[in-house]
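In: Model the following, please.
(2 chains)
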Amino acid sequence: MTVLAFSLIMLAVSFFAGLLGALTGLGGGVVLIPALVLLFHVNIHYAMGASLISVIATSSGTAIAYLREGYTNLRIGMFLETGAVIGALIGALSVKLISPAAIAIIFGFVLMLSAYLTVRRKEEHETPLQTSHPWATRLELNGNHPVAGKLESYTVQNVPTALSIMTIAGALSGLLGIGSGALKVLAMDQAMRLPYKVATTTSNFIIGITAAVSAGVYFANGYIDPGLTFPVMIGVLCGAFSGARILAKIHNRKLRIIFSVAVFVLALQMIYKGFTGNL
Amino acid sequence: MTLERMQIAIGKLLLIGVMASLVVVLLGGILYLANHGNDYVNYQMFHGEPKQFTTVASILSHVFTFSSLDLIQTGLLTLVIVQVLRVALTAWLFIQAKDKLFFLISLFILFVLVYGLI
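Out: Alright, predicted model coming up:
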């Protein structure tokens, strides 16, 4: 088809991917790649490149909005990034060595995991622990977060575990061209036992760094195509912003579940495609 | 400088960066559609990008050819460069706050970032 037609379609698809990503809290990448690959038969490498760029764009654009709410913890973020960037470098460099079919299968499973992580019940941790992991104290990772108008402090646990999870998250980010936000939140929310909003905003804040590490490798390997990425980046940005606005108005958990089921179906299709070797 | 103000400074850099990138990408994109809107494309096959779109040096050196695709690629690269700048800024802010450890942590991340680009 023509460039014009294709670009307009990509713009629309990316918009919905960004929208769905924002509404489910999964981020644009995980929804975008299956959409491009399954519906439009875009080669998976180009799709990964476009997705990675969109992740950087979206997280950069939304960072300041979250920062102003006062939940982000810069130290925790930067500390955990040390693991994530190493993982990302390894992951990105490995893409060349792994077949597209295998990537699709891994992608499908990671997608399902992300969907599951995002939907499960998020209760606030019961009685907050009084002391932090020794590393956390040494690195001054503890912080405050606003609770009902006042500042409450929180402690930080399981630092080495969190760092390991972050490294894996980084590797998946590099390998699949996604942000791995769900895994990063897992590291902070479950391992470090941070308040949920601290985990999500900090994750969003640092995701761009991880993606940028992989992007360098992706550029070099020729995965980032300007003609494809340009409508995708713009579409995802607009979709994500619209999604964030809508999300502020509807806190409906049922809707999240419906969307996540849709994502789950996409995941299954990716795995299926990988196995039937149509990539 | 408090942690909060450091974060806000970084956030502002990110926002400005993404807007700059958006402008360049849009410019290139519109030019691309204007000049090549009726060409045919097929993204099913992976050919890899021509060399000029793949390294920092070559992307930036081609920007003044005003080829639409080069413009777009420069805009996309800007996004990555903004991340490098933001980590550099973070390192600088930490050393200003006399936080040697986090200055070093930021430096390490900066190193990995630049390594990935080269």
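In: where in the chain is pLDDT low?
Out: You didn't say which chain, so I picked chain A. Applying pLDDT under 70 to chain A picks out residues A:121-128, A:248-253, A:255-256, A:277-279.
In: wrong chain, I was asking about chain B
Out: Short version for chain B, where the test is pLDDT under 70: B:1, B:48, B:63-66.
In: please redo it, this time with the cut-off set to 80
Out: Along chain B, the model assigns pLDDT under 80 to residues B:1, B:40-66, B:118.
In: Close to chain B: what parts of the stretch 151-279 of chain A are there?
Out: Residues of the stretch 151-279 of chain A lying near chain B by C-beta under 8 Å from any C-beta of the partner chain: A:205, A:208-209, A:211-217, A:219-231, A:233-234, A:237. Placement of C-beta: from N, CA and C, glycine included.
In: Any idea which residue of the stretch 51-200 of chain A lies closest to chain B?
Out: A:I64 (3.5 Å; C-beta to the nearest C-beta).
In: How many residues are close by that residue?
Out: 19 (other C-beta atoms under 10 Å in any protein chain shown).
In: Tell me which helix or strand comes right after the helix or strand hosting it.
Out: A:I64 belongs to helix A:44-69 when assigned by DSSP states H and E. Remark: after helix A:44-69, the chain's next helix or strand is helix A:74-94, criterion DSSP H and E.
In: Can you work out which other helices and strands pack against that following helix?
Out: Contacts defined by 3 or more C-beta pairs under 8 Å, 6 or more residues apart in numbering or on different chains; DSSP states H and E place helix A:74-94 against helix A:159-176, helix A:196-220, helix B:3-36, helix B:100-117.
In: need the contact list for residue 29.
Out: If you meant another chain, say so; for now it's chain A. By C-beta atoms under 8 Å, 6 or more residues apart in numbering or on different chains, the residues touching A:G29 are A:G21, A:S51, A:L52, A:S54, A:V55, A:L176, A:G177, A:I178, A:G179.
In: Chain B is the one I meant
Out: A:S7, A:F230, A:P231, A:I234, B:S68, B:I72.
In: biggest separation within those residues, which pair?
Out: A:I234 and B:S68 (14.6 Å; C-beta to C-beta).
In: So what touches stretch A:147-158?
Out: A:76, A:128-133, A:136, A:141-146, A:191-195, A:198.
In: got the end-to-end distance for that stretch?
Out: Stretch A:147-158 has an end-to-end distance of 23 Å (C-alpha to C-alpha, to the nearest Å).
In: now that stretch: how far from the chain's centre is it?
Out: 24 Å (C-alpha atoms, centre = their mean, to the nearest Å).
In: again with stretch A:188-204
Out: Taking C-alpha atoms, centre = their mean, one finds the center of stretch A:188-204 at 13 Å from the center of the full chain.
In: Contacts made by it with the rest, please.
Out: With C-beta under 8 Å, 6+ apart, stretch A:188-204 has contacts from A:25, A:59, A:62-63, A:66-67, A:69, A:71-74, A:76-77, A:80, A:122, A:124-125, A:129, A:136, A:143, A:145, A:154-159, A:161-162, A:165, A:181, A:184-185.
In: Just the buried subset of the residues you listed, written out for ChimeraX, thanks.
Out: Selection of buried members from the contacts of stretch A:188-204 for ChimeraX, criterion 16 or more other C-beta atoms under 10 Å in any protein chain shown:
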select /A:25,59,62,63,66,67,71,72,73,74,76,77,80,136,143,145,154,155,156,157,158,159,162,165,181,184,185
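In: what's near enough to touch the most far-flung residue of chain B relative to its centre?
Out: Residue distances from the centre of chain B (C-alpha atoms, centre = their mean) peak at B:N38, which lies 29.2 Å from the mean C-alpha position. Contacts of B:N38 were listed using C-beta under 8 Å, 6+ apart, and they are A:T2, A:V3, A:L4.
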